[in-house]
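S.K.: Show me how the following folds:
(one chain, ligands or ions: 1)
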Amino acid sequence: MGKKRKADEADDDMPTFISQANAPSASKTESEDKKSKKSKKKGTSKKSLKPWIPATNGDAATADGDAEAPPREKPDHASMNTWQLKQKPEGEKKGDKYARQKELRRRKREEKEKFERYKAEVEGREYVPVDKKKEKKEKKEKNKEKKKDKEEKQKAQPVLSKKEKKKLSQQRREKKKAARREAKKAAEAAEAVTNGEGGEEETTEVTTTRVEEVVEVVKGDVVEKMEVVEEAVTATVVVEDKMDVDSDDSSSSDDSSSDSDEEEDDEIPKAADTPAKSNGVSNGAKSKGNAKDSNSDSSSSGDSESDSASDTPKSNESTAPTTANGTVSPTPADNTAVSSYMTTHSIKITDPEAPDATSFNLILNFSDLPAVDESHIAPFSAYKAPTPIQAASWSYLLAGKDLIGVAETGSGKTMAFAYPAVQYLSKLPKSERNPKKTGAKVVVVSPTRELAMQIYEQVEVLTKAAGLKDAVTCIYGGVPKDPQRETLKKALVIVATPGRLNDFLEEGAANISQAGYVVLDEADRMLDKGFEDAIKTILGATPATPKRQTLMFTATWPQSVRQLASTFMTKPVRIGINSPDDGDLRANTRIAQTVEVLSDSRIKESRLLNVIHAHQRSSPAGKNDRILVFALYKKEAARLEGFLRAKGIKVGGIHGDLNQHTRTTTLAEFKAGRTPVLVATDVAARGLDIPNVKLVVNVTFPLTIEDYVHRIGRTGRAGEVGKAITFFTEHDKAHSGSLINVLKAANQPVPEELMKFGTTVKKKEHASYGAFYRDTTDAKAATKIKFDE
Ligand SMILES: Nc1ncnc2c1ncn2[C@@H]1O[C@H](COP(=O)(O)OP(=O)(O)OP(=O)(O)O)[C@@H](O)[C@H]1O
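M.R.: Below you'll find the predicted structure:
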């Protein structure tokens with residue numbers, strides 16, 4: 001149908017002068033007339049229909065009986081479509097060419113402006129047209145400065161002859177080769193030691209080969225150590241049937257490598273490795289950057305990783321963070337408050353570098369938050385206090401640590417990773433804050449387009465407060481690439497879905513080779529089968545692990561992805577909020593969950609209608625309450641939407657079969673409350689923060705129990721309460737055990753009929769890594785610091 005419409009559009013677009021062009025002209029000479037007849041014969045061919053045959057004012061000439069050739073009529077560029085404008089007519093006059101190209105440029109500008117206007121509308125901000133003249137002037141000045149700098153640099157450099165240059169580069173190559181040889185030897189020796197100690201390697205169905213390569217890169221006097229860990233794991237492959245299930249497709253990549261050994265020269269600071277850093281947080285949250293700083297001047301070994309909690313603590317003066325109100329946070333005196341806060345909110349922190357720590361550095365008030373400037377915390381003025389995940393993670397993140405944060409849906413995880421990201425940017429020296437030179441410094445990857453847009457909005461609030469203009473871009477599929485490509489040139493922060501970001505990496509439009517702060521939001525989804533390759537490619541394009549601060553945030557953290565996660569991180573701190581020790585799932589406890597076991601799936605639709613009507617009748621807001629209905633398949637979602645509409649319900653739909661424009665506007669309508677009911681597939685299951693969703697209805701159970709937790713988590717956010725109703729049929733019985741566990745853990749009623757389906761829980765396995773979880777991130781300490789003991 002789409003194709004047909006396009007074809008129709010093309011016909012309509014044909015400008016009227018095409019037929020005029022074929023009309024005979026009285027002013028033609030005989031030979032011209034012959035030519036004209038010839039072209040008439042060809043009249044039906046595509047070529048002859050091209051718009052560039054100049055129209056002549058034949059009729060007027062005939063009427064006047066004027067023998068003189070009439071003035072040449074200019075092509076009507078305004079009525080041509082873009083394709084036609086792009087064609088260069090035979091024998092086109094120079095003036096016409098300029099006019100045609102001018103029209104093309106005008107159209108392009110218009111399109112861009114339209115996009116920007118639309119973007120502003122979606123983001124709910126005022127559209128401010130770009131002042132081209134000012135921009136041009138600024139650009140010119142910048143270029144001038146650049147040129148001057150370059151010239152000065154060139155002057156300062158000694159002039160080397162070709163021969164000398166060649167000799168120098170050969171020397172460098174040889175040094176590198178020697179370093180590699182040594183590293184290989186060291187790795188082999190290390191492997192031999194590892195095999196000797198850990199004779200109890202798991203040998204069931206998993207065989208793990210681990211190759212550690214230490215690459216010493218020599219540059220001038222600096223020797224940097226880069227660790228490249230490559231893990232090849234073979235395991236039982238469990239293929240989940242996800243054939244027709246809807247999700248934003250992630251990967252376009254056939255990438256096979258995980259981490260590449262790129263980046264030899266540039267110093268890429270991790271979040272805490274910046275000069276302005278002042279976050280040597282005590283009690284295990286000590287920054288790696290600080291640890292390095294303290295002993296790096298004299299030695300290149302940088303072997304400060306062995307710091308433990310028992311080391312002499314650094315003085316508050318040198319290590320304590322400066323806070324927004326000028327105080328130091330929290331002092332040992334706050335320990336009781338911190339402990340009681342941790343107990344109240346069931347916070348568990350595991351820091352591999354301080355496994356025995358008993359006191360922790362939590363930020364319980366926004367005023368205690370380290371900030372480059374007080375204005376940076378202004379966006380928090382609407383909130384009373386940090387949420388538990390924010391309170392627990394900020395000090396570690398500001399200290400440059402890798403971190404896995406697991407906290408319930410709607411608990412403010414976005415700000416937990418976004419605030420330290422912006423502080424990281426703010427502390428970078430100016431030369432490091434030049435996206436054209438360095439590329440982006442922060443990358444946030446999210447599984448769906450809508451979530452990416454939402455994260456973008458939140459990050460932008462913080463960057464603006466920090467005085468970073470145009471620092472963020474949002475990259476996602478389903479919309480034209482050109483405007484995104486433009487924004488990539490000046491973005492310090494890229495918020496993206498994996499597929500589109502990979503496309504830009506492939507074509508070289510995105511540069512994340514110096515991104516020192518990388519976040520995987522909805523991390524378990526990002527690491528599962530569908531996105532795994534794309535994530536490997538993205539992380540492979542960023543600096544290797546010790547130079548990159550890697551963060552993973554989620555509300556669900558199944559065993560099946562932990563092994564893979566550990567390969568991307570260095571000694572991550574793990575923070576679990578209300579996360580049970582046995583690794584089971586926890587749904588948000590403020591959501592009242594009801595499971596209705598239906599004997600026949602054919603009654604789902606009528607039951608859905610009843611549920612919606614009943615809610616609308618009982619709620620004080622009546623039909624204005626937002627209700628989110630989940631289906632599993634795209635076609636199912638479309639069918640349900642149609643059904644509800646036919647029954648007089650104001651409803652919208654969002655799923656992968658719809659174009660992005662429709663998806664975005666439908667979601668905006670729902671958010672604004674103009675369409676109070678939304679039918680969605682799992683593209684809306686994760687992360688979306690829609691205010692006042694009072695009820696979630698699961699018409700068809702999702703593929704995984706994690707998705708169930710995320711779906712119902714669209715209600716009861718930011719401390720609110722919510723309601724979720726789930727239809728459960730015999731088809732879903734494989735999930736009964738895990739669903740019963742989730743209900744019980746949240747003190748929710750478990751219907752008898754559900755119990756009948758059984759309580760066994762099928763172990764979820766990663767497609768490549770199986771169900772075996774062995775934390776290899778922090779090699780030696782791995783047995784000690786299990787996240788879920
Ligand atoms: N300190 C705070 N106090 C109150 N509300 C907050 C605070 N921080 C964030 N919020 C609000 O909480 C809501 C949920 O935040 P967010 O979307 O980051 O949750 P999330 O934990 O990422 O959820 P999900 O797991 O579903 O992705 C947002 O509306 C946000 O503005």
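
S.K.: Got the phi and psi for the residue of the stretch 251-400 of the chain at minimum distance from the ligand?
M.R.: For the stretch 251-400 of the chain, the residue closest to the ligand is Tyr383, as judged by CB to the nearest ligand atom, at 3.4 Å. Glycine gets a C-beta too; all of them are placed from N, C-alpha and C. Dihedral angles of Tyr383 (phi, psi; degrees, to the nearest 10) stand at phi -100, psi 150.

S.K.: contacting residues around it?
M.R.: For Tyr383, the contact set (CB atoms under 8 Å, 6 or more residues apart in numbering) comprises Phe366.

S.K.: Relative to the ligand, how far out is Pro691?
M.R.: According to CB to the nearest ligand atom, to the nearest Å, Pro691 and the ligand sit 7 Å apart.

S.K.: Roughly how far does the closest residue to that residue other than its chain neighbours sit from Leu539?
M.R.: Leaving out its chain neighbours, the residue that sits closest to Pro691 by CB to CB, 6 or more residues apart in numbering is Lys671, at 7.2 Å. Separation of Lys671 from Leu539 (CB to CB, to the nearest Å): 32 Å.

S.K.: got it, and Phe568?
M.R.: Counting by CB to CB - Phe568 and Leu539 are separated by 6 Å.

S.K.: what's the overlap in contacts for these two?
M.R.: Counting by CB under 8 Å, 6+ apart, the shared contacts of Phe568 and Leu539 are Thr550.

S.K.: Tell me the residues of the stretch 501-650 of the chain that contact the ligand?
M.R.: Ala555 (CB under 6 Å from any ligand atom).

S.K.: Could you rerun that using 8 Å?
M.R.: The interface of the stretch 501-650 of the chain toward the ligand, taken as CB under 8 Å from any ligand atom, is made up of 521-522, 553-555.

S.K.: Where strands are concerned, which of the residues you listed count?
M.R.: Of these, the ones assigned to strands by DSSP state E are 521, 553-554.

S.K.: Which among those count as buried?
M.R.: 521, 553-554 (16 or more other CB atoms under 10 Å).

S.K.: tell me the SS of Thr594?
M.R.: Under DSSP: H, G, I helix; E, B strand; the rest coil, Thr594 falls in the strand class.

S.K.: for it, what are its contacts?
M.R.: Thr594 sits next to 723-726, 748-749 when contact means CB under 8 Å, 6+ apart.

S.K.: Any idea what it is bridged to?
M.R.: Thr594 has these beta-bridge partners by DSSP bridges: Ile725.

S.K.: Now do Ala745 against Gly499, distance only.
M.R.: From Ala745 to Gly499 the distance is 34 Å (CB to CB).

S.K.: thinking again about what came up before, pipe the contacts of Thr594 into CSV and attach distance to the ligand per row.
M.R.: Below are the contacts of Thr594 laid out as CSV (distance: CB to the nearest ligand atom, whole Å):
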residue, distance to the ligand
Lys723, 16
Ala724, 13
Ile725, 19
Thr726, 17
Gln748, 19
Pro749, 24
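
S.K.: Low-confidence ranges, the stretch 501-650 of the chain, go.
M.R.: Scanning the stretch 501-650 of the chain for pLDDT under 70 picks out the ranges 580-584.

S.K.: can you pull out the helices in it?
M.R.: Counting by DSSP state H, counting those that start in this stretch, the stretch 501-650 of the chain has helices at residues 523-527, 532-540, 559-566, 604-618, 634-646.

S.K.: out of everything not next to it in sequence, what's closest to Gly410?
M.R.: Closest to Gly410 by CB to CB, 6+ apart is Arg717, at 2.9 Å.
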